[in-house]
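In: Sequence and predicted structure below; questions after.
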Amino acid sequence: MNLQSVKTIYLAEMARSLRTVLQSIVSPVVSTSLYFVVFGAAIGSRISEVDGVSYGAFIVPGLIMLMLLTQSVSTASFGIFFPRFSGTIYEILSAPISYFEVVLGYVGAAATKSVILGLIVLGTARLFVPFSIQHPLVMLLFLILTALTFSLLGFIIGIWADGFEKLQLVPLLIVTPLTFLGGTFYSIDMLPPFWQAVTLLNPVVYLVSGFRWSFYGSGDVSIWASLAIIVLFLGVALAVISWIFRTGYRLKP
Amino acid sequence: MTLSANPTTMPKQSSTANGNAEGTTPMIQVERLSKTYRDGFQALKEVDLTIRRGEIFALLGPNGAGKTTLISVICGLVNASSGSVKVDGFDNATQYREARERIGLVPQELTNEAFTTVWDTVSFSRGLFGKPKDPGHIENVLRALTLWDKRDNRLLELSGGMKRRVLIAKALSHKPQVLFLDEPTAGVDVELRREMWEVVRGLRDQGVTIILTTHYIEEAEEMADRIGVIRRGELVLVKEKATLMRQLGRKELTLHLAVPLEAVPAALAGHDLVLADEGHALVYTYDVTHQDEGTGIAGLLADLEATGVRVKDLHTRQSSLEEIFVNLVRENA
């Protein structure tokens, strides 16, 4: 393992986030806070408890998940897309470094940034609504697994995209709608039975549910189903990345 | 830049960091290398090439001949369709770590991360190649390339020539044993081009093997120890520059006459002379390959005197590499 190379990519990517601190950290924190103000304090005060917790507290895990998914995908996709776009990818490809190490550097940095953001948003949320976390270790596990998995997805998008439009396509048209429809703002018990069944096809439901379970001890689906889905996701993302590097897809002609 | 006059300014490159160094193993060994792109275009056809340790090798060829593809395959940017590449004895596919850590690559395009500083980008390259931090070495490299004053500048603030130097600095940051320069002086002004040549010579003097592709024949003529000509994916020729010039070069002796002639005098007919400049000059062409047998110049001069043709001035001219190159490409067309 060429740890020095991994560390170099990792630190360069983290430095890029710090260089653009307003865009990378302040902006997601501000936008998530707005959700808390509008949905939690303003509208939430008129909604009775959901699953035994106040509405403001109910939406906290879902909102953190929403931010985590979009940030992981966009950071990781931009991280690898930019060298491809600018041409500096030549250096990565000609370095004495394995594909696994390249992924570790880029995805590790994107996931780290997302986890840090998740924790910052968690702290921010606490300023708006009171809540407690019943299973902090499970919460952390979910946070890390989700950040990692969606950073891998972002890495795949960054390699697949051949322009800025495609880079935005998946986060905007897939990740955000799936999260909104994934029980972020409601419990799926509130839906009619048909839509409950349809919703269960949305993988994000399992992530939000599992994450919420770690907070309040209850979720829309079993915690084991949530864990199984996130691990399955991780496996699929790793398989796709391994295929990309084996075939040189979009990287090596 | 005064590298040759002040060799201490250039960081010493490691040429003995492995078991093969100083040995008989060639620096680069390319065997039966072919590359066909997905669209069916065959960029390389069974190329065999050996690059010796410590030489400057110039790869010449028209646009689209396969120069960049060849470099890209050796450096790991493009997968080969068949054949093998060994760098210092290490296979670049199965032993890619050992092979690649010996290589520095300066790409043709001026690619860089616009918002990074010179210092950071060069340090990044060193780390990427798995080397621990060495600010002293980075400083030496930057000073040698006259980038030291620009170390805190962001890359977008630099001129094209400076960006080119940054790419060279990045390639040298991990002390490579072999440096690939893909069109190093494309779009660079004459003065800077000469400075680059000095840098390259300085590196060669320290044992770094240099492989450069170029459009500028002048560059190859000025720098290279050996020259390879690639055309339509085939290496049509690899020769010592001097041998190539000697073998393929023709020399012309032009005799400027004091009194113009209307025709070549019959007494000189055996010398294969051509009348030029409206009778003011006689041109004698001879092949330098047959120098051992005599050029015939002595006999010609004697005959001129005997015939009473008075020569005012004379000069000789040897074909440039460019003429040789053009002829070669034309012959193979």
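Out: Received the coordinates, thanks.

In: What residues does the stretch 101-250 of chain A have near chain B?
Out: Neighbours of chain B within the stretch 101-250 of chain A, by Cβ under 8 Å from any Cβ of the partner chain: A:Gly248. (Each C-beta comes from the backbone N, C-alpha and C, glycine too.)

In: Whichever residue of the stretch 201-333 of chain B sits closest to chain A and B:Ser34, how far apart?
Out: The stretch 201-333 of chain B approaches chain A most closely through B:Ile211 (13.7 Å), counting by Cβ to the nearest Cβ. According to Cβ to Cβ, to the nearest Å, B:Ile211 and B:Ser34 sit 19 Å apart.

In: how about the residue of the stretch 201-333 of chain B closest to chain A, secondary structure?
Out: strand (DSSP: H, G, I helix; E, B strand; the rest coil).

In: Spatially central, which residue of the chain would that be?
Out: Picked chain A for this. Nearest to the geometric centre of chain A sits A:Leu69, at 2.3 Å (Cα atoms, centre = their mean).

In: that's the wrong chain, I wanted chain B
Out: For chain B, by Cα atoms, centre = their mean, the most central residue is B:Ala58; offset 2.9 Å.

In: May I ask which helix or strand of chain A has the lowest mean pLDDT?
Out: helix A:21 (a mean of 77; mean pLDDT, DSSP states H and E).

In: B:Arg310 reaches B:Val259, doesn't it?
Out: Yes: B:Arg310 sits in contact with B:Val259 when judged by Cβ atoms under 8 Å, with a separation of 6.4 Å.

In: Can you give me the buried ones in the lengthiest helix in chain B?
Out: Ranked by residue count, the top helix of chain B under DSSP state H comes out as helix B:190-205. Residues B:Leu192, B:Arg193, B:Glu195, B:Met196, B:Trp197, B:Glu198, B:Val199, B:Val200, B:Arg201, B:Gly202, B:Leu203, B:Arg204 are the ones in helix B:190-205 that count as buried (16 or more other Cβ atoms under 10 Å in any protein chain shown).

In: Stretch A:114-126 too?
Out: Buried-residue list, stretch A:114-126, by 16+ other Cβ under 10 Å: A:Ser114, A:Val115, A:Ile116, A:Leu117, A:Gly118, A:Ile120, A:Val121, A:Leu122, A:Thr124, A:Ala125.

In: Please apply the same query to stretch A:45-53.
Out: A:Ile47, A:Val50, A:Val53.

In: Name all residues that make contact with the first one.
Out: What it means is A:Ile47. A:Tyr55 (Cβ atoms under 8 Å, 6 or more residues apart in numbering or on different chains).

In: Count the residues that sit near A:Gly56.
Out: Neighbourhood size, A:Gly56 [other Cβ atoms under 10 Å in any protein chain shown]: 22.

In: Would you agree it is in contact with A:Gly44?
Out: Yes: using Cβ under 8 Å, A:Gly56 is in contact with A:Gly44, at 4.4 Å.

In: Up against chain A, what does chain B have?
Out: Residues of chain B lying near chain A (Cβ under 8 Å from any Cβ): B:37-38, B:75-79, B:96-101, B:103, B:105, B:107, B:109, B:111-115, B:120, B:124-125, B:127-132, B:170.

In: Swap in 6 Å and give it another go.
Out: B:37, B:75-79, B:97, B:100-101, B:105, B:107, B:109, B:111, B:113, B:124, B:127-130 (Cβ under 6 Å from any Cβ of the partner chain).

In: any idea which helix or strand comes after the least confident helix or strand of chain A?
Out: Remark: after helix A:21, the chain's next helix or strand is helix A:27-35, criterion DSSP states H and E.

In: The very next helix or strand once past that next one packs against which elements?
Out: The element immediately downstream of helix A:27-35 (helix or strand, assigned by DSSP H and E) is helix A:55-86. For helix A:55-86, the elements it packs on are helix A:27-35, helix A:99-128, helix A:136-160, helix A:203-216, judged by 3 or more Cβ pairs under 6 Å, 6 or more residues apart in numbering or on different chains; DSSP states H and E.

In: Indicate the residue of the stretch 51-200 of chain A located nearest to chain B.
Out: For the stretch 51-200 of chain A, Cβ to the nearest Cβ, closest residue to chain B: A:Gly87, 3.2 Å.

In: so what's that residue scoring on pLDDT?
Out: With respect to pLDDT, A:Gly87 scores 86.

In: ok, the closest residue to it other than its chain neighbours - how many residues close by?
Out: With Cβ to Cβ, 6 or more residues apart in numbering or on different chains as the criterion, A:Gly87 has its nearest non-adjacent residue at 3.2 Å, and that residue is B:Thr111. B:Thr111 has 16 neighbours, counted by other Cβ under 10 Å.

In: where do the strands sit along the stretch 201-333 of chain B?
Out: With DSSP state E, counting those that start in this stretch as the criterion, the stretch 201-333 of chain B has strands at B:209-214, B:226-231, B:234-240, B:250-257, B:273-276, B:281-287, B:311-318.

In: Extract the CA atoms of the third one and return them as CSV.
Out: Think strand B:234-240. This file holds the C-alpha atoms of strand B:234-240, laid out as CSV (Å, rounded to 0.1, in the frame of the first residue of the first chain):
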residue,chain,number,x,y,z
GLU,B,234,5.6,2.4,-37.4
LEU,B,235,9.1,3.2,-36.3
VAL,B,236,10.7,3.6,-39.7
LEU,B,237,14.1,4.5,-38.5
VAL,B,238,16.3,4.7,-35.3
LYS,B,239,19.8,6.0,-35.7
GLU,B,240,22.5,8.0,-34.0
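
In: In it, which residues are buried?
Out: B:Glu234, B:Leu235, B:Leu237, B:Val238.

In: For it, which strands pair with it and how are they oriented?
Out: Under the criterion DSSP bridges, strand B:234-240 sits next to strand B:226-231 (antiparallel) in its sheet.

In: what about B:Gly299, neighbour count?
Out: B:Gly299 has 12 nearby residues by other Cβ under 10 Å.

In: Grab the nearest non-local neighbour of it.
Out: B:His271 (7.5 Å).

In: Now do the contacts for residue 117.
Out: No chain in the question, so chain A it is. Applying Cβ atoms under 6 Å, 6 or more residues apart in numbering or on different chains to A:Leu117 gives the contacts A:Pro28, A:Gln71.

In: if you could check chain B rather than the one you did, that'd help
Out: So B:Thr117 contacts B:Asp152, B:Arg154 (Cβ under 6 Å, 6+ apart).

In: Report the beta-bridge partners for it.
Out: B:Arg154.

In: Got a quick ChimeraX command for the buried subset of the residues of chain B next to chain A?
Out: A single ChimeraX command selects the buried members of these (16+ other Cβ under 10 Å):
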select /B:75,76,77,78,100,101,105,107,111,113,124,127,128,129,130
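
In: Mind checking which of the residues of chain B next to chain A are in helices?
Out: Per DSSP H, the subset of those in helices is B:Cys75, B:Arg97, B:Arg100, B:Glu101, B:Phe124, B:Gly127, B:Leu128.

In: Of these, which is the nearest to B:Gln177?
Out: Closest approach between those and B:Gln177, by Cβ to Cβ: B:Glu101, at 9.0 Å.
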